[in-house]
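Participant: here is a sequence with its predicted model. Questions after.
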Amino acid sequence: MKIKKILVSQPQPASDKSPYYDIQQKHGVEIVFRPFIKVEGLSAKEFRQQRVNIADFTAVIFTAKGAIDHFFRLCEEMRITIPDTMKYFCTTEQIALYLQKYIVYRKRKIFHAETGKLDDLLPYFMKHKNEKYLFAVSDVHNNEANVLDTNHINYTRAVMYRTVSNDFGPDEPFDYDMLVFFSPQGIESLLKNFPDFKQGDIRIATLGATTAQAVKDAGLRLDLEAPHPKAPSMTGALDWYLSQEEE
C-alpha cells in the first residue's frame, strides 16, 4: 500500500524550512502535525502539596523549555521573588538562551551542556557542589537524575507540569497510512483514543529506543525506528523509508 498521508505527533514546525516540508514535496505525501499528548502546568495548589519551597534553593536544573515556563509561572502565581543570585543549569544551549524570556542572561549564572544530557553538566555541578538544586521536571520523568545521585549533588526533584492525552474529537478523521511517534506517552494516547485500534497496513515510525519498545510492548508492529543506520534523525529516516517504498 502506497503511503499518502502521514501523521507526525508533534506541533507544526514554526519555520517553513522544516525538512518535513521537503519530504512532502519530494515524495508527494501529505503530512499532518497532530500531537497525541499535551503538557499542562500544575496549579499553585497542586505544587504546594509536594511541600517544596522554591525560595530554599540556590540553583535550578532545566531539561526543557516548558520546565522554564512553568517554573516562572508558578513563582509568579505564588508571589515568589527569585533572587538575582539564583543559578541555572540547562542541558542545551537552546534551553539556556530561552531563559532570556524571563531574566537577564548572565554567563556567570547560567550554565549549559552541549549534548542535551544531564551527565555533561557534571563538571559544573562539581564546581558548584555547595548549591542547593531544584530539578524542575514533568510527572513523566526518567532516571536521568542518576548522575546527581551518584555524585551526591544536593537536589530536590519538583514536578511542575504533567503530560496528558490530547484526545481526538468524535468527528476528527483518522485516515492515516503512517503514524510517527516521539514518546511512549504518544503510544499510550493512541490506545486511549482508539482502544480497538487495529494496525493493519498502517505503518508506525518512532524516534528513540524507549518509544520503539513501547510500540512492541503494545503488541503493535514497528516499521521504522530512528535513529536509523541510514539516517540519525526522524526526518532523515522517513525520507529514506519513503524512497525505499518507491523503488
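Facilitator: On my side now, so go ahead. Numbering: from 1, shown residues only.
Participant: contacts, neighbours, all on C-alpha from now
Facilitator: Will do.
Participant: and the longest strand for this structure?
Facilitator: Counting by DSSP state E, the longest strand found in the chain is strand 155-165.
Participant: direction included, what does that one pair against?
Facilitator: Strand 155-165 pairs in its sheet with strand 37-41 (antiparallel), strand 133-138 (parallel), by DSSP bridges.
Participant: what's the per-residue pLDDT of residue 152 here?
Facilitator: On the pLDDT scale, residue 152 is placed at 93.
Participant: whoops, residue 61 was the one
Facilitator: We have a pLDDT of 97 for residue 61.
Participant: if I look at the most centrally placed residue in the chain, how far off is residue 129?
Facilitator: Nearest to the mean C-alpha position of the chain, counting by C-alpha atoms, centre = their mean, stands residue 64 at 7.0 Å. In this view, residue 64 and residue 129 are 22 Å apart by C-alpha to C-alpha, to the nearest Å.
Participant: now do residue 93
Facilitator: For residue 93, the distance to residue 129 (C-alpha to C-alpha) stands at 21 Å.
Participant: in this structure residue 62 contacts residue 133, no?
Facilitator: No - using C-alpha atoms under 8 Å, residue 62 makes no contact with residue 133, being 10.5 Å away.
Participant: how about the strands in this protein?
Facilitator: Taking DSSP E, the strands of the chain run over residues 5-8, 30-33, 37-41, 59-62, 87-90, 110-112, 133-138, 155-165, 178-181, 203-207, 224-226.
Participant: make TSV from the ones you listed and add distance to residue 68 and mean neighbour count to it.
Facilitator: As requested, the strands of the chain are exported to TSV (distance: least, C-alpha to C-alpha, whole Å; neighbours: other C-alpha atoms under 10 Å):
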stretch	distance to residue 68	mean neighbour count
strand 5-8	25	20
strand 30-33	24	17
strand 37-41	11	17
strand 59-62	7	22
strand 87-90	10	23
strand 110-112	13	21
strand 133-138	8	22
strand 155-165	10	18
strand 178-181	24	22
strand 203-207	24	23
strand 224-226	28	20
